[in-house]
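[1] need a structure here:
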Amino acid sequence: MDTITQTFSRDHSRCDKLFARAEESVAKNKWADASTDVTKFITAMERHFSIEEDILFPAFQERTGQRGGPTRMMRMEHQQMRQVFAELQEYLTQQDRDQYLGLSETLLMLMRQHNAKEEQMLYPMTDKMLNDETPSICKQMDGDKQ
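    The predicted model follows:
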């Protein structure tokens with residue numbers, strides 16, 4: 001059985017690949033491909049965020065009694081990334097390659113820092129605290145991916 005850390009880290013990698021594909025399409029000025037690739041990336045990220053925010057974090061908070069702490073910080077970082085997604089979409093619509101690529105570097109740094117915190121701290125804590133719920137949570141993350 002996979003752990004929460006393994007399952008959610010694997011999804012981080014999947015999202016990272018979609019991000020790189022979108023960035024490559026923009027860099028090559030392939031705007032039709034970029035539109036599709038950016039949509040796939042953002043959809044995957046929103047799905048990931050939703051499973052964390054609607055399932056994983058509440059289960060962790062319920063088990064630990066913590067309403068703030070790490071899950072609050074992760075939610076704030078999700079919101080920050082969502083704002084960048086909106087800006088990226090605007091630059092995509094404008095076909096502004098340079099602005100898109102500059103902002104995508106910022107997003108890449110945000111994602112790397114965020115993922116490291118989750119993979120090295122939060123997910124291992126959830127593995128310990130939610131051991132009995134792990135199969136159900138992981139099934140939802142590994143379920144019908146878009």
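
[2] worst-scoring helix or strand of this protein, pLDDT-wise?
    Averaged element by element with mean pLDDT, DSSP states H and E, the chain has its least confident helix or strand at helix 134-142 (a mean of 84).

[3] give the buried residues for that helix.
    Applying a neighbour-count criterion of 16 or more other C-beta atoms under 10 Å, the buried positions in helix 134-142 are 134, 137-138, 140-141. Placement of C-beta: from N, CA and C, glycine included.

[4] among those, which one lies nearest to F19?
    Taking C-beta to C-beta as the measure, F19 sits nearest to M141 out of the buried residues of helix 134-142, at 17.8 Å.

[5] distance of the closest one from Q6?
    M141 sits at a distance of 10 Å from Q6 (criterion: C-beta to C-beta, to the nearest Å).

[6] got it, and K117?
    As judged by C-beta to C-beta, K117 and Q6 stand 17 Å apart.

[7] center of the protein - which residue?
    In the chain, the centroid-proximal residue (C-alpha atoms, centre = their mean) is M45; its distance is 4.1 Å.

[8] ok, now which ones touch the nearest residue to it once chain neighbours are set aside?
    In this structure, M45 finds its nearest non-sequential neighbour in C15, 5.4 Å apart by C-beta to C-beta, 6 or more residues apart in numbering. Applying C-beta atoms under 8 Å, 6 or more residues apart in numbering to C15 gives the contacts 41, 44-45, 48, 111.
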